[in-house]
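> here is a sequence together with a model predicted from it:
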Amino acid sequence: MESDQTNKRWIDLPAVPFDLEKTLQSGQVFHWKLEMGLCRGLVGEEVLTLRRGQEGWQVPTKRSLELAIRYFSLDHPLENIWSTFPDDAFSQAALESCRGLRLIRQPQWECLATFITSPLKQVAHISQMSLSLRKKYGTPVRGGWAYPPAEVIASLKEEDLRACGLGFRARGLLGTARAVATGKLDLEALKDMETPRAFEALMQAPGVGEKVAHCVLLFAYERLEVVPVDVWIGRVLLQMRRGRRGKPAQLQKYSQRRFGPYAGYVQQYLFHHARTASGSLRSRELGK
């Protein structure tokens, strides 16, 4: 990674609880590079560079500061959010191991497109697909490539996307890109919709299931009460419900009731903890 040491003055990020590594490694985004005390990625087509300072992370310009505060949700009252976490052992263990993790405010199209390509793929594979799409069809910017807009993806053929490693996901991404490009799916309009209506609108898009729709609502539209239910969260909820199974929609409603107004934050902490806590769910944390 190139260094930005030519910048003479760096600006400290606000002194709030913020763990950049956990935030970037928690399966929300897939295109950031973090090494040797420097972190660089793109917010839309804008380059954002951070470096580790003595007291925390720093950025080179006032514009970078504004971008970082918004993108990493440094204005979220994290300590207040933590106070709403359930008092069961596993939720509290997730809180302790993931303190400082923040939900990222993502660009709408990029978030939707990325999660359409995510089903049945690990983080490394999603990153690979994202990079391939960026290199072939994205706009070159300093240090990388912006995610290709819907209009560009819409102009391609399914085999073009399959060549980027998307497999069966290519059809869904292409269909949704065309819906966005023609205005059939208006991503801006979703901002003003109630969450259930926005969810139904997203569910009409090709390649979008319940989990993808909920990810988009949480990460691109800041619906902090929403809980995407994937395999990891399904396992956690199954244990919490003492083995009582349920469909994703039922588990989503259950988790919203159990986790409260910041259920999306609780989910993200549980998700990251479940993936990193010794590779398994520990029964003693689930009250067994």
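Okay, I see it.
> ok, the nearest residue to P107 once chain neighbours are set aside to E110 distance?
The shortest distance from P107 to any residue other than its chain neighbours is 4.9 Å, reached at G44 (CB to CB, 6 or more residues apart in numbering). To be clear about C-beta, it is placed using only N, CA and C from the backbone, and glycine gets the same treatment. From G44 across to E110, the span is 7 Å (CB to CB, to the nearest Å).
> those two - which one has more neighbours?
E110 (23 against 17; other CB atoms under 10 Å).
> what number of residues lie near K211?
Residues near K211, counting by other CB under 10 Å: 20.
> now do the one 5 residues further on
If you count neighbours by other CB under 10 Å, V216 ends up with 29.
> one more: G183?
Using other CB under 10 Å: G183 sits among 9 other residues.
> any idea how far A189 is from it?
For G183, the distance to A189 - CB to CB - is 9 Å.
> quick one, phi psi at the residue nearest to G260 when sequence neighbours are not counted?
Spatial nearest neighbour of G260, excluding adjacent residues (CB to CB, 6+ apart): T84 at 4.7 Å. Its backbone dihedrals place T84 at phi -90, psi 0, with angles given as degrees, to the nearest 10.
> so what's the residue nearest to P107 up against?
Counting by CB atoms under 8 Å, 6 or more residues apart in numbering, G44 touches P107, E110, A146.
> which helix or strand contains R40?
strand 38-43 (DSSP states H and E).
> so where's the stretch 151-288 of the chain shaky on pLDDT?
242-243, 278-288 (pLDDT under 70).
> can you name the residues bridging to P140?
For P140, the beta-bridge partners are W145 (DSSP bridges).
> start the count at 55 instead of 1 going forward.
All set: I'll call the first residue 55, so the last point we hit is now P194.
> do you know how far it is from D246?
34 Å.
> those two: who's more crowded?
P194 (11 against 8).
> and the more buried one, what pLDDT?
pLDDT, P194: 94.
> let me see the domain layout of the protein.
55-129, 131-157+276-342, 162-271 (automatic domain parsing).
> returning to that earlier point: the residue nearest to G314 is in contact with P315, isn't it?
Yes: here T138 lies in contact with P315, judged by CB atoms under 8 Å, at a distance of 6.6 Å.
> tell me which residues in the helix or strand where Q182 lies are buried?
Element membership of Q182 [criterion: DSSP H and E] is helix 177-191. Within helix 177-191, the residues scored as buried using 16 or more other CB atoms under 10 Å are I180, S181, M183, S184, L185, S186, L187, R188, Y191.
> using CSV, write out every CA atom in that helix.
Coordinates of the C-alpha atoms in helix 177-191 are reproduced here as CSV (Å, rounded to 0.1, in the frame of the first residue of the first chain):
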residue,chain,number,x,y,z
VAL,A,177,-15.7,-13.0,2.3
ALA,A,178,-12.6,-13.6,0.3
HIS,A,179,-14.6,-14.8,-2.7
ILE,A,180,-17.0,-11.8,-2.5
SER,A,181,-13.9,-9.5,-2.4
GLN,A,182,-12.5,-11.2,-5.5
MET,A,183,-15.7,-10.8,-7.5
SER,A,184,-16.0,-7.1,-6.4
LEU,A,185,-12.4,-6.4,-7.5
SER,A,186,-12.8,-8.1,-10.8
LEU,A,187,-16.0,-6.1,-11.6
ARG,A,188,-14.2,-2.9,-10.5
LYS,A,189,-11.1,-3.6,-12.6
LYS,A,190,-13.0,-4.5,-15.8
TYR,A,191,-16.0,-2.0,-15.7
